[in-house]
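Asks: Got a predicted structure here, sequence first:
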Amino acid sequence: MLDIVRLRVLASVAAHGSVTEAAKALHYSQPSISHHLARLEAATGARLIQRVGRGIRLTPEGELLARRATEIVGRVDAAGAELAAQLGLRTGRVRLAAFSSALSVLVPPAAVALREAYPNIELHLGDAHPTAARRMLREGSADLAIVFSYEDTMPDDDIRYTYLLDDPVYLLSRESGQTIAGHRDSAWIAGCPNCRGDLVRICEAAGFSPDIAYSSDDILVQQAFVAAGLGVTTMPGLALRTHHADGVEATELTTVRRRIHLAAFGEPPDPPATAAFITALRTTLDERRPG
């Protein structure tokens with residue numbers, strides 16, 4: 001039998017990269033961490049940790065077990081929170097992973113509604129790109145995620161998706177009424193290589209590959225460069241609602257939409273605290289929707 005405390009220790013060592021940092025995170029002494037690791041190695045019959053200079057690193061067997069331990073610990077923690085929530089929603093916890101503009105625009109009104117209805121439910125937020133958010137759902141480190149896609153359909157996988165809204169996309173330049181095709185020879189400002197795929201696909205649909213002159217994931221930096229005349233970029237409406245710099249004109253791209261979904265892992269019904277947040281989110285969205 002694998003002890004949950006020892007699995008939690010291994011998961012923390014993997015997450016923090018050292019016995020010292022794991023001990024701080026778990027409020028254990030370093031000898032206690034080492035003891036738990038040794039007992040876990042004895043229970044599994046596998047070497048999980050190896051010394052490297054003054055530090056340690058996980059063996060392949062240790063990495064495998066650490067990944068599973070992270071999932072198991074996440075599920076156990078979630079089960080505890082769900083059980084507490086089941087007791088009349090007197091307490092509970094919802095762990096939400098979402099991209100930045102959703103956290104800035106969509107979540108605050110829902111958080112207010114949740115607090116007013118259930119003041120003892122804790123809402124924990126994590127800023128995560130949809131790819132990372134889906135991974136957090138599968139690992140059990142998030143209960144819900146707000147994700148986006150530029151496709152009409154969501155991936156056919158083990159995650160449940162609930163449509164929330166369409167988010168328009170805009171071309172940002174110094175003049176209004178511009179088109180993507182009209183900037184085939186312009187300099188472009190894009191996110192990091194992992195985040196610029198959507199911009200590249202929008203330009204390719206217009207018949208060209210963008211000349212990416214500047215790279216930043218910060219929307220304030222992107223808009224500042226546009227305002228300075230250094231290039232153009234695209235930006236979703238939610239991001240523009242968090243910041244719209246002077247001197248930047250936004251032209252809606254009528255053929256491009258970003259579809260926003262709420263995502264959950266596992267079969268319904270959702271735990272009571274999670275369901276309470278979902279209700280708060282959908283209610284506040286409906287109240288703010290035109291018409």
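Replies: Yep, it's here.

Asks: Report the contact partners of L238.
Replies: With contacts defined as CB atoms under 8 Å, 6 or more residues apart in numbering, L238 is in contact with 101-102, 104-106, 167, 260. Bear in mind the C-beta positions are built from the backbone N, C-alpha and C, glycine included.

Asks: and if we set it to 7 Å?
Replies: By CB atoms under 7 Å, 6 or more residues apart in numbering, the residues touching L238 are 101-102, 105, 167.

Asks: Tell me the pLDDT of it.
Replies: pLDDT for L238: 95.

Asks: what's around A133, how many residues?
Replies: As a burial measure, A133 scores 24 neighbours (other CB atoms under 10 Å).

Asks: about what we covered before: just put the contacts of L238 in a markdown table and tack on secondary structure.
Replies: Shown next, in a markdown table, are those (DSSP: H, G, I helix; E, B strand; the rest coil):
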| residue | secondary structure |
| --- | --- |
| S101 | helix |
| A102 | helix |
| V105 | helix |
| D167 | strand |
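
Asks: can you redo the residues you listed as TSV with neighbour count, pLDDT and distance to A245?
Replies: TSV is the format used below for the contacts of L238 (neighbours: other CB atoms under 10 Å; pLDDT from 0 to 100; distance: CB to CB, whole Å):
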residue	neighbour count	pLDDT	distance to A245
S101	23	94	15
A102	25	96	21
V105	17	95	17
D167	22	95	19
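
Asks: tell me which of those is nearest to L230?
Replies: Distance to L230 across the contacts of L238 (CB to CB) is lowest for S101, with 22.6 Å.

Asks: Could you check how far the closest one is from D127?
Replies: Applying CB to CB, to the nearest Å, the value for S101 to D127 is 10 Å.

Asks: next one: A42
Replies: In terms of CB to CB, A42 sits 39 Å off from D127.

Asks: Neighbour count for these two, which is higher?
Replies: Using other CB under 10 Å, the more surrounded residue of A42 and D127 is D127, with 13 against 10.

Asks: Write down the beta-bridge partners of the more buried one, one by one.
Replies: A98 (DSSP bridges).

Asks: My read is that it contacts L103, right?
Replies: Yes. In this structure, D127 is within contact of L103 by CB atoms under 7 Å, at 6.2 Å.

Asks: Counting by contacts, list what whatever helix or strand F225 lives in packs against.
Replies: Per DSSP states H and E, F225 falls inside helix 219-227. Contacting helix 219-227 under the criterion 3 or more CB pairs under 7 Å, 6 or more residues apart in numbering; DSSP states H and E are the following elements: strand 159-173, strand 187-190, strand 233-236.

Asks: Let me see the mean pLDDT of it.
Replies: Averaging pLDDT along helix 219-227 gives 97.

Asks: Going by neighbour count, list what's buried in it.
Replies: Neighbour-count burial for helix 219-227 flags 219, 222-227 (criterion: 16 or more other CB atoms under 10 Å).

Asks: Of those, which pair is most distant in space?
Replies: Largest pairwise distance in these, by CB to CB, is 12.2 Å, between I219 and A227.

Asks: now the helix holding F225 and strand 159-173, what's the angle there?
Replies: Relative orientation of helix 219-227 versus strand 159-173 (axes from the mean of the first three to the mean of the last three CA atoms, to 10 degrees): 30 degrees.

Asks: Where does the prediction get shaky in the stretch 51-200 of the chain?
Replies: Filtered on pLDDT under 70, the stretch 51-200 of the chain yields the residue ranges 81, 84-90, 156.

Asks: Which neighbouring elements make contact with the helix ranked longest in the chain?
Replies: Of all the segments of type helix in the chain, defined by DSSP state H, the longest one is helix 60-86. Helices and strands touching helix 60-86, by 3+ CB pairs under 7 Å, 6+ apart, are helix 4-16, strand 92-98, helix 130-139, helix 272-288.
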